[in-house]
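A.B. asks: I would like the atomic coordinates for the input below:
(one chain, ligands or ions: 1)
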Amino acid sequence: MRVPRTLKWLDSLSHHRAVCDGTFVPAAAGSVIPHTYTCSLETEKVNYNIMSVERHLDGKVELVTGSTSGIGLAIAHVLAKTGASIILTGFGDEQLTSKLKEDFSSKYKCRVDYIATDLSKVADINELFTSVIKLYPEGVDVLINNAGYNHVCLVEEYPEEKWDDMVAVMLSAPFHLCKRFIPLMKKKGCGRIVITSSVHGMISTAGKAVYSAVKHGVVGLGIALEVVEYGITCNTICPGFVETAVTQTQIAQLAKDNGISYEQAK
Ligand code: NAD
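C.D. replies: Residues are numbered from 1 along each chain as shown. Predicted coordinates:
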């Protein structure tokens, strides 16, 4: 099957535990040395070879959920460098989202749109889909299901509405988006789907039963999608610890509970 060279870096991430924002090192002009994308994998530094991707995805359309911060934003930056058109979604006020759009437009020669969506609501997901189709009637070439958060709490104390919300945002939303975009990818005969699970999609730790249940769920969804014969791949990535808004809250809480510094808790 034809796998666009430019997406191998994303495919390769499925074999590793972490993806995070880091330093993008472009190859020197005319150099055969590929670009590298540096990610910290807990204490290690890993250089992901992302090949010569710059401007290679011209004309492709990429939707990244949860791209107003953290891992999703980092992914969107790397994809924007490739010349793809980017659709950002995620929570953010007018000030943040305008700044993000300005930032992308000034740094890259790509089209960037922001569509506000609360992925816990199916009606919002439908609106997101309709807005994308208005912009790009043939749908997207790359769908990155990344939005998420965590609520750490023992199962017996877990707020039930939180369970519903975690399932809606991190398990149902990827399902709804795949369901809507896959038929259009099939028509084109190609597509790339990525789902951000977590190391907690393979193991679990105290207080994270619900997060683990949801993240194990998307691992199953990614494995089960019946798309490969249509030129569509799906990779579920399982990052380890990445310091973003999600983990900063947890570290701060851990520090407070144990009377230690943020750095010690980290
Ligand atoms: P982050 O808080 O920086 O980003 C989360 C993004 O998801 C934001 O853009 C936020 O607006 C969006 N989001 C959250 N709820 C939403 C909703 N209801 N509707 C629409 N958008 C919503 O956190 P992050 O660490 O970058 O997390 C991104 C993904 O990576 C999550 O799925 C998370 O579970 C996963 N992950 C994170 C880590 C880590 O250590 N940070 C490790 C493994 C997996």
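
A.B. asks: Which parts of the protein are strands?
C.D. replies: 23-25, 36-41, 44-49, 61-64, 85-88, 112-114, 142-145, 191-196, 232-237 (DSSP state E).

A.B. asks: what residues are up against residue 87?
C.D. replies: 61, 62, 63, 64, 112, 113, 114, 115, 132, 135, 140 (CB atoms under 8 Å, 6 or more residues apart in numbering). Quick note: C-beta positions are derived from backbone N, CA and C, even for glycine.

A.B. asks: Kindly recompute the last result at 6 Å.
C.D. replies: For residue 87, the contact set (CB atoms under 6 Å, 6 or more residues apart in numbering) comprises 63, 113.

A.B. asks: ok, what's across the strand from it?
C.D. replies: Applying DSSP bridges to residue 87 gives these bridge partners: residue 63, residue 113.

A.B. asks: Could you tell me how far it is located from residue 232?
C.D. replies: Remark: distance between residue 87 and residue 232 (CB to CB, to the nearest Å) = 18 Å.

A.B. asks: Check residue 96 too.
C.D. replies: 32 Å.

A.B. asks: Can you pick out the residue with more neighbours from those two?
C.D. replies: residue 232 (23 against 14; other CB atoms under 10 Å).

A.B. asks: Surely the more buried one touches residue 183?
C.D. replies: No - if you go by CB atoms under 6 Å, residue 232 and residue 183 don't touch, sitting 10.7 Å apart.

A.B. asks: who in the stretch 1-150 of the chain is up against the ligand?
C.D. replies: 66-72, 90-91, 117-120, 146-149 (CB under 6 Å from any ligand atom).

A.B. asks: Can you find the residue of the stretch 101-250 of the chain that comes nearest to the ligand?
C.D. replies: residue 148 (2.3 Å; CB to the nearest ligand atom).

A.B. asks: was I right about that residue contacting residue 170?
C.D. replies: Yes - at 4.5 Å, residue 148 counts as touching residue 170 under the criterion of CB under 6 Å.

A.B. asks: Next one, pLDDT for the closest residue to residue 153 other than its chain neighbours please.
C.D. replies: Spatially, and ignoring its direct neighbours in sequence, residue 153 is nearest to residue 207 (5.8 Å; CB to CB, 6 or more residues apart in numbering). As predicted, residue 207 sits at a pLDDT of 94.
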